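Trainee: Need a 3D model of the following:
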Amino acid sequence: MTKIKLTIEYLGTAYCGWQSQTNGVSVQDTVERALGGFFGCEYVRIYAAGRTDAGVHATGQVAHFVTDGQVNCHKLCLGVNTSLPPDISIVSAEQVSDDFDARRSAVSKTYVYRLYMSPTRRPMLDVDHAQVYKRLDIDAMRRAAALLTGTHDFTAFRKQGSNLVGTVRTVNSLEVESDGEEVTFTVNGNAFLYNQVRNMCGVLVEVGRGRFTLADVQTLLDGTRLHYKTLPARGLTLEQVFY
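Mentor: Residues are numbered from 1 along each chain as shown. Have a look, this model is predicted:
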């Protein structure tokens, strides 16, 4: 048996998320069928580093699968990509040891959330950016981001109704950068709750608008929910998984 690690890039706009679901076409289903075509079977089951929600993108999603015999990884990439739609690509493949697991072996993940500040829509940016209509206070957002860094109970930053047990997570870094009208939030952590990254960035946007203060951010970290909007999925990209 041979275990293969895949690095996959995709635009999530047209998909119901990474994971196989009955209510739409997923990235996982699409890749598994393409792999099946390459190996001459119905599909090849793959296991990813983590799920991405509907509309979320990835430049560095990692998955693994097991197959019989040897695999030419270069030919696998070329062959499988001919069967994939233009918005999904296997960018690399490599043989790994039997104890590698795309999810369990991961030590951290980096997500980037992108937005642009403009009163008018920017169609070229709308693919992977969210829009805010007025300029934000970048320095205030950076100060708030520093509060979110570290190990905290992120109960107030997960989607309400989530039944996940355990809400303590470690955010290794959260950087806020601005280049003209574009703003990027780069977040690295060991693991994240459902919608945690989009909600943290949404809170930072409220700080940038002047609606939330640093005290409000601390109130959220203390477990008290305040009203804010979860930012749109299209601005979020899984950039890299670290092992």
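
Trainee: Let me see the contact set for the residue of the chain positioned farthest from its centre.
Mentor: Computed with CA atoms, centre = their mean, the maximum C-alpha offset from the centroid of the chain is found at residue 69, amounting to 32.5 Å. Applying CB atoms under 8 Å, 6 or more residues apart in numbering, one finds that residue 69 lies in contact with residue 2. Heads up, the C-betas are built off the backbone N, CA and C, glycines and all.

Trainee: pLDDT score assigned to it?
Mentor: You'll see residue 69 listed with a pLDDT of 84.

Trainee: And it, how close does it get to residue 4?
Mentor: Residue 69 sits 11 Å away from residue 4, going by CB to CB, to the nearest Å.

Trainee: What distance do you get for the residue farthest from the centre of the chain to residue 83?
Mentor: 20 Å.

Trainee: and what of residue 115?
Mentor: Relative to residue 83, and taking CB to CB, residue 115 is found at 34 Å.

Trainee: The two - which one has more neighbours?
Mentor: For residue 115 versus residue 83, neighbours defined as other CB atoms under 10 Å are more numerous around residue 115 (23 against 15).

Trainee: Helix, strand, or coil at the more buried one?
Mentor: What DSSP: H, G, I helix; E, B strand; the rest coil gives for residue 115 is strand.

Trainee: Can you check what pLDDT the model gives the closest residue in space to it that isn't next to it in sequence?
Mentor: Nearest non-adjacent residue to residue 115, counting by CB to CB, 6 or more residues apart in numbering: residue 130, 4.3 Å away. Note on residue 130: pLDDT of 98.

Trainee: Please apply the same query to the one 10 residues further on.
Mentor: Residue 140 is assigned a predicted lDDT (pLDDT) of 98.

Trainee: what's the spacing between the strand or helix carrying it and its chain's center?
Mentor: According to DSSP states H and E, residue 140 maps onto helix 138-148. Distance of helix 138-148 from its chain centroid, counting by CA atoms, centre = their mean, to the nearest Å, is 21 Å.

Trainee: what does stretch 177-188 give?
Mentor: With CA atoms, centre = their mean as the basis, stretch 177-188 stands 16 Å off its chain's centre.

Trainee: what distance separates the start and the end of that stretch?
Mentor: Chord length of stretch 177-188, first to last residue, is 15 Å (CA to CA, to the nearest Å).

Trainee: Lovely, talk soon.
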